[in-house]
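Participant: build me a model:
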Amino acid sequence: MLLIIHTTRHRYIVPREDVATLRAFNWRTEREQAENEDRASLAVELGPLLDPVDVSDKQRRHALIVPLRRRTIALLVDAVDNLVDHAIVQPLPPLLRDRLREPWATGVLLIDEQPVVQLDVRAIARSILLRRTRDTQEK
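Facilitator: Reported below is the predicted structural model:
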């Protein structure tokens, strides 16, 4: 099964099996609480990570929970929908895939005659953790 996730400006698809759980997330109250109480989890907005101008002003968000070995990453999006599991995702051609700055896009699916990019949320979560570790070591 695929999930359609919506940021403020874009929509993407994600394999459901790559997400441990989905939950509601109140950005204002839960972000500070999670960072202060639970160093094992980290909440990151997905929109600005993929597109710097894709910033949400919503307080109530959806969190895609992606567990890693040492930490759990919560990728915050505006909305999540289900998509039938028999959709055929076309892999990215090697020429395009090799030109990506980050290896986060894995394929494309046409939804209502519009291309929607499939994301590898596990790769995104690993990149977030690697960046945070590197930033911490540089301080």
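
Participant: how about the helices in this protein?
Facilitator: 27-37, 46-50, 94-97, 121-138 (DSSP state H).

Participant: so where's this structure uncertain?
Facilitator: 27-40, 84, 139 (pLDDT under 70).

Participant: coming back round to it: and the helices of the chain: which comes nearest Asp78?
Facilitator: Of all the helices of the chain, it is helix 46-50 that lies closest to Asp78, at 7.7 Å by C-beta to C-beta. All C-beta atoms are positioned from the backbone trio N, CA, C, and that covers glycine.

Participant: mind listing what's buried in the closest one?
Facilitator: 46-47, 49-50 (16 or more other C-beta atoms under 10 Å).

Participant: most tightly packed of the helices of the chain?
Facilitator: helix 46-50 (a mean of 20; mean count of other C-beta atoms under 10 Å).

Participant: and the contacts of that one?
Facilitator: Around helix 46-50, the neighbours that count as contacts under C-beta atoms under 8 Å, 6 or more residues apart in numbering are 5, 7-10, 12, 54-56, 64, 75-78, 104, 119, 124, 128.
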